[in-house]
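1. sharing a sequence plus its predicted fold:
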Amino acid sequence: MQFAGISVIFVTMSKKAKINQFKCKGCYYCIDVCRSGSITKSGQGNPKGYDYVVVDEAKCTGCGNCYTVCPDCCVDIIETEE
Ligand code: SF4
Ligand code: SF4
């Protein structure tokens with residue numbers, strides 16, 4: 001969009017969960033509280049031997065439930081451009 005020679009770019013921001021795969025201990029509390037079904041087991045072991053979880057960002061609503069429930073502080077909610 002342009003106004004008097006000034007270009008304006010609209011950027012939509014959204015919040016997404018990011019999992020620290022190295023800290024995850026595979027308790028899966030986050031899977032239980034994710035209402036959008038965005039979190040699944042990776043099927044891979046991290047260096048501690050736990051099957052860590054992964055987030056499908058396309059489904060994540062950024063609600064923060066996983067952040068709240070994780071006992072090991074493995075989750076960050078990051079604001080990203082869509
Ligand atoms: S709640 Fe935390 S430690 Fe447990 S599976 Fe989810 S990210 Fe890993
Ligand atoms: S922020 Fe909400 S929707 Fe996204 S993965 Fe965590 S619990 Fe699921």
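-> That came through, no problem. Ligands and ions are numbered 1, 2, ... in the order given.

2. quick check: closest non-adjacent residue to G64.
-> Nearest in space to G64, with sequence neighbours left out and distances taken as CB to CB, 6 or more residues apart in numbering, is I77 at 5.4 Å. Just so you know, the C-beta spots here come from the backbone N, C-alpha and C atoms, and that holds for glycine as well.

3. what helices or strands is the helix or strand that the one you found is a member of leaning on?
-> Using DSSP states H and E, I77 sits in strand 75-81. Applying 3 or more CB pairs under 8 Å, 6 or more residues apart in numbering; DSSP states H and E, we find strand 75-81 packed against strand 13-19, helix 65-69.

4. mind listing the residues bridging to the residue nearest the centre of the chain?
-> In the chain, the centroid-proximal residue (CA atoms, centre = their mean) is A17; its distance is 1.7 Å. A17 forms beta bridges with I77, as assigned by DSSP bridges.

5. quick check: residues of the chain near ligand 2?
-> When proximity is defined as CB under 6 Å from any ligand atom, the chain approaches ligand 2 at 17, 33-34, 36, 38-39, 55, 60-66.

6. now, these that are in strands?
-> A17, I39, V55 (DSSP state E).

7. so what pLDDT did the nearest residue to I78 once chain neighbours are set aside get?
-> In this structure, I78 finds its nearest non-sequential neighbour in K18, 5.2 Å apart by CB to CB, 6+ apart. Here, the pLDDT recorded for K18 equals 98.

8. do the same with F3
-> Listed pLDDT for F3 reads 60.

9. if we can go back for a sec, please identify which of the ones in strands among the residues of the chain next to ligand 2 is nearest to ligand 2.
-> Using CB to the nearest ligand atom, A17 comes nearest to ligand 2 of these, at 3.9 Å.

10. for P47, see how far away C70 is.
-> Computed with CB to CB, to the nearest Å, the distance linking C70 and P47 is 18 Å.
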